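Enquirer: coordinates for the following, if possible.
(chains A, B, C and D)
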Number of protein chains: 2
Amino acid sequence: MLAMTLCNTWKGDVESLVRALSLIDDLGPDERLGLRGLPLRLAHIEAGQDIVRQGEDPVESCLLIDGFVCRYKTLSRGQRQILSFHFPGEIPDLQSLRLKLMDHSLGALVASRVAFIAHEAIDALVRQSPGVQRALWKATLVDASIFREWLAGVGRRSAYERTAHLFCEMFVRMKLLGLAPAKSFHLPITQHDIADALGLSAVHVNRTLQDLRRDGLIATRGRYFSVEDWTRLRAVADFDPLYLHLRTPFCPDLA
Amino acid sequence: MLAMTLCNTWKGDVESLVRALSLIDDLGPDERLGLRGLPLRLAHIEAGQDIVRQGEDPVESCLLIDGFVCRYKTLSRGQRQILSFHFPGEIPDLQSLRLKLMDHSLGALVASRVAFIAHEAIDALVRQSPGVQRALWKATLVDASIFREWLAGVGRRSAYERTAHLFCEMFVRMKLLGLAPAKSFHLPITQHDIADALGLSAVHVNRTLQDLRRDGLIATRGRYFSVEDWTRLRAVADFDPLYLHLRTPFCPDLA
DNA sequence: AGCTCAGTCTAACGTATGTTATTCCTGCGA
DNA sequence: TCGCAGGAATAACATACGTTAGACTGAGCT
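Expert: Sure, this is the predicted structure:
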């Protein structure tokens, strides 16, 4: 199979988007219908490949169907800062609908399936459906809110707290999307990726993970992570899900 | 005079908003007219006072007319992380139009004049003017882009580079707004504020400023800062104004 | 079974930055 | 003119984290 495959819309693909958007805004039947009608161009992305690059001027945005992607910046001396992680149902580069040039890159951390949606199509939908417009704007604002939380974390939290916070966020977001059935979840990222997300070195992430395990807060097996003590993990991380701006407040239904 | 004064609209106040929005999006005559018609509730904010607080659910947003404000988060152990600085003409809490609860606070760094605009009024304008809607969405996206740049800075740049970068950003943004006539500008912030913005300690900011001065990159006199060597400052900071998403690319008209 | 390679882990050492505490300015109000 | 207070500067010391280098582990491939 080619790296990029062109297909027609398959209705099931856009359901994850509807579900993800419903987490932060109330979608009526018309809005759902409008979203379901968006024309999709399906594509496969290999692990490690970029979907969009810093400086480009894309004419479509990318809905993640399956896999795991991150946004990142590359600085002058080659250092990488990961800005966000994204799960199926999210549109990581929705901002390119309004901002002409990409100020960062979007890359796949594992082999992923994405659906490109032409900006023209989104614009047309948004013009005729204020509800969709509202939901999409809100989605970009939640995005920004997560950047703020990360900024505060990198600026003012210790490596230990920061790492705990990342696990809290990943856990809650995955749980809401149905990607973390119980207390454990599959996060296909390396310690190096975690380091680049938290503004740390890979070595120190390793040390910190060991500390978190020793303290009984999390457990890891391969790339499966599990929350061993949600209450304490959350306390250590100073995690308050307010910044995720969820429509229905998250209640940790854990033993 | 009272701390909060109620007044009617004065047309001049909203011109700075029109000007600021024009930096990132092309406003037609209709859009300008719509913006000028927004009802304003003027207020004075004392230095050090909060305008909105984390956790609140405001029903209006705040256009900064005069002064200098910042957004910040307060973490569990009282540490403060400043998330952004804002100049006259900007609406620092525009996001509260769509996001119910504030995930951070907005505070005045000096005595400031602001104009509150009811969310209802903005919503009404946005419904009838897609152009204004577009411009405001874009403004929140530029906001997010700046958060990303700061995140990359705090995560991956040294204190020296990070401080240089802040001055580059402040200089360019102030110049575009007409607040930095020549190469110098008035930034009414303490070294402590700079520390909280860059994720550093105040002591280290002091050391770093001395280094920047020694190297002939900037000069400071009280709270007046000046760029002494734009080319080198920019190089040290790895500053690329792309992330400001300006409509007309910034050309440093410096000797 | 034996490679191979990516990823994890360990160790020793270096340093950028934080902490605490004190002194020194400087602008401003009385 | 003096006194005051907030901010800037300095000094001595502490440490969280980075760097470099190497050994270990396990999943996939032949």
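Enquirer: could you use CA atoms for every contact and neighbour count after this?
Expert: Fine.
Enquirer: taking the centroid of chain A, which residue is nearest it?
Expert: Chain A has residue A:86 as the residue nearest its centroid, 1.9 Å off, counting by CA atoms, centre = their mean.
Enquirer: who's in contact with that one?
Expert: Contact analysis of residue A:86 by CA atoms under 8 Å, 6 or more residues apart in numbering or on different chains lists A:64, A:68-70, A:92.
Enquirer: please report how far the residue nearest to residue A:130 when sequence neighbours are not counted lies from DNA strand C.
Expert: Nearest residue to residue A:130, sequence neighbours excluded (CA to CA, 6 or more residues apart in numbering or on different chains): residue B:127, at 7.9 Å. Taking CA to the nearest atom of the strand, to the nearest Å as the measure, residue B:127 falls 45 Å from DNA strand C.
Enquirer: and the helix or strand where residue B:127 lies, what's buried?
Expert: Element membership of residue B:127, judged by DSSP states H and E, is helix B:119-128. Residues of helix B:119-128 classed as buried by neighbour count (16 or more other CA atoms under 10 Å in any protein chain shown): B:119, B:122, B:125-126.
Enquirer: restricting to C-alpha, output it in CSV.
Expert: Coordinates of each C-alpha in helix B:119-128 appear next as CSV, following Å, rounded to 0.1, in the frame of the first residue of the first chain:
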residue,chain,number,x,y,z
HIS,B,119,-20.2,39.0,25.5
GLU,B,120,-23.8,39.4,24.3
ALA,B,121,-22.7,42.4,22.2
ILE,B,122,-19.7,40.7,20.7
ASP,B,123,-21.8,37.7,19.9
ALA,B,124,-24.4,39.8,18.2
LEU,B,125,-21.7,41.5,16.1
VAL,B,126,-20.0,38.3,15.3
ARG,B,127,-23.3,36.8,14.1
GLN,B,128,-24.0,39.6,11.7
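Enquirer: same question for it, mean pLDDT?
Expert: Rounded to a whole number, the mean pLDDT of helix B:119-128 is 97.
Enquirer: please name every helix or strand in contact with that helix.
Expert: Applying 3 or more CA pairs under 8 Å, 6 or more residues apart in numbering or on different chains; DSSP states H and E, one finds that helix B:119-128 contacts strand B:60-66, helix B:130-156.
Enquirer: can you name the residue of chain A nearest DNA strand D?
Expert: As assessed by CA to the nearest atom of the strand, DNA strand D sits closest to residue A:200 within chain A, at 3.1 Å.
Enquirer: secondary structure class for that residue?
Expert: At residue A:200 the chain is in coil, as set by DSSP: H, G, I helix; E, B strand; the rest coil.
Enquirer: how about it, what does it touch?
Expert: Each residue near residue A:200 by CA under 8 Å, 6+ apart is listed here: A:159, B:155.
Enquirer: and residue A:121, how far from residue A:59?
Expert: Distance of residue A:121 to residue A:59, given as CA to CA, to the nearest Å: 10 Å.
Enquirer: need the helices and strands packed on helix B:119-128 in JSON lines (columns: mean neighbour count and distance to DNA strand D).
Expert: Formatted as JSON lines, the helices and strands packed on helix B:119-128 follow (neighbours: other CA atoms under 10 Å in any protein chain shown; distance: least, CA to the nearest atom of the strand, whole Å):
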{"stretch": "strand B:60-66", "mean neighbour count": "23", "distance to DNA strand D": "19"}
{"stretch": "helix B:130-156", "mean neighbour count": "23", "distance to DNA strand D": "8"}
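Enquirer: can I get those in TSV including distance to residue B:113?
Expert: Converted to TSV, those look like this (distance: least, CA to CA, whole Å):
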stretch	distance to residue B:113
strand B:60-66	5
helix B:130-156	21
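Enquirer: sorry, back to before: which residues do residue A:121 and residue A:59 both contact?
Expert: In contact with both residue A:121 and residue A:59: no residue, using CA under 8 Å, 6+ apart.
Enquirer: what about stretch A:70-84, near DNA strand D?
Expert: No: against DNA strand D, stretch A:70-84 shows no contacts by CA under 7 Å from any atom of the strand, the least distance being 9.2 Å.
Enquirer: quick check: mean pLDDT of that stretch?
Expert: Taken as a whole, stretch A:70-84 carries a mean pLDDT of 97.
Enquirer: next one: that stretch to chain centre, how far?
Expert: Between the centre of stretch A:70-84 and the centre of its chain there are 16 Å (CA atoms, centre = their mean, to the nearest Å).
Enquirer: and for stretch A:89-109?
Expert: Centre-to-centre, stretch A:89-109 and its host chain are 11 Å apart (CA atoms, centre = their mean).
Enquirer: tell me if it is near DNA strand C.
Expert: No: applying CA under 7 Å from any atom of the strand, one finds stretch A:89-109 separated from DNA strand C by no less than 8.8 Å.
Enquirer: could you dump that stretch to CSV, C-alpha only?
Expert: Extracted C-alpha coordinates of stretch A:89-109, given in CSV (Å, rounded to 0.1, in the frame of the first residue of the first chain):
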residue,chain,number,x,y,z
GLY,A,89,-11.0,12.5,16.8
GLU,A,90,-9.0,15.7,17.1
ILE,A,91,-7.9,18.1,14.4
PRO,A,92,-4.4,19.1,15.5
ASP,A,93,-3.9,21.7,12.8
LEU,A,94,-7.3,23.3,12.8
GLN,A,95,-5.6,26.6,13.3
SER,A,96,-4.2,26.5,9.8
LEU,A,97,-7.8,27.3,8.7
ARG,A,98,-7.2,30.9,9.8
LEU,A,99,-3.4,31.2,10.1
LYS,A,100,-1.7,31.1,6.8
LEU,A,101,1.8,29.8,7.7
MET,A,102,2.6,26.9,10.1
ASP,A,103,4.6,28.1,13.0
HIS,A,104,5.4,24.5,14.0
SER,A,105,5.3,21.0,12.6
LEU,A,106,2.9,18.1,13.0
GLY,A,107,4.3,14.6,13.1
ALA,A,108,3.1,11.1,13.6
LEU,A,109,4.6,9.2,16.5
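Enquirer: how about the helices in the stretch 1-150 of chain A?
Expert: Along the stretch 1-150 of chain A, counting by DSSP state H, counting those that start in this stretch, helices occupy A:11-22, A:29-36, A:119-128, A:130-156.
Enquirer: packing partners for the last one?
Expert: When you say that, I think you mean helix A:130-156. Counting by 3+ CA pairs under 8 Å, 6+ apart, helix A:130-156 packs on helix A:11-22, helix A:29-36, helix A:119-128, strand B:80-86, helix B:130-156.
Enquirer: what's the most far-flung residue of chain A relative to its centre in contact with, if anything?
Expert: No residue in chain A sits farther from the centre than residue A:214, which is 28.1 Å out by CA atoms, centre = their mean. Under the criterion of CA under 8 Å, 6+ apart, residue A:214 has no neighbours.
Enquirer: okay, it and residue A:220: tell me how far apart.
Expert: Using CA to CA, residue A:214 is found at 11 Å from residue A:220.
Enquirer: I'd like to know which residues of chain A are adjacent to DNA strand C.
Expert: Counting by CA under 7 Å from any atom of the strand, the residues of chain A that sit close to DNA strand C are A:189-192, A:203, A:206-207, A:209-210, A:222-223.
Enquirer: can you list the low-confidence ranges for chain A?
Expert: For chain A, the stretches with pLDDT under 70 are A:1-12, A:251-255.
Enquirer: per the record, what domains does it have?
Expert: Following automatic domain parsing, one finds the domains of chain A at A:3-143, A:157-244.
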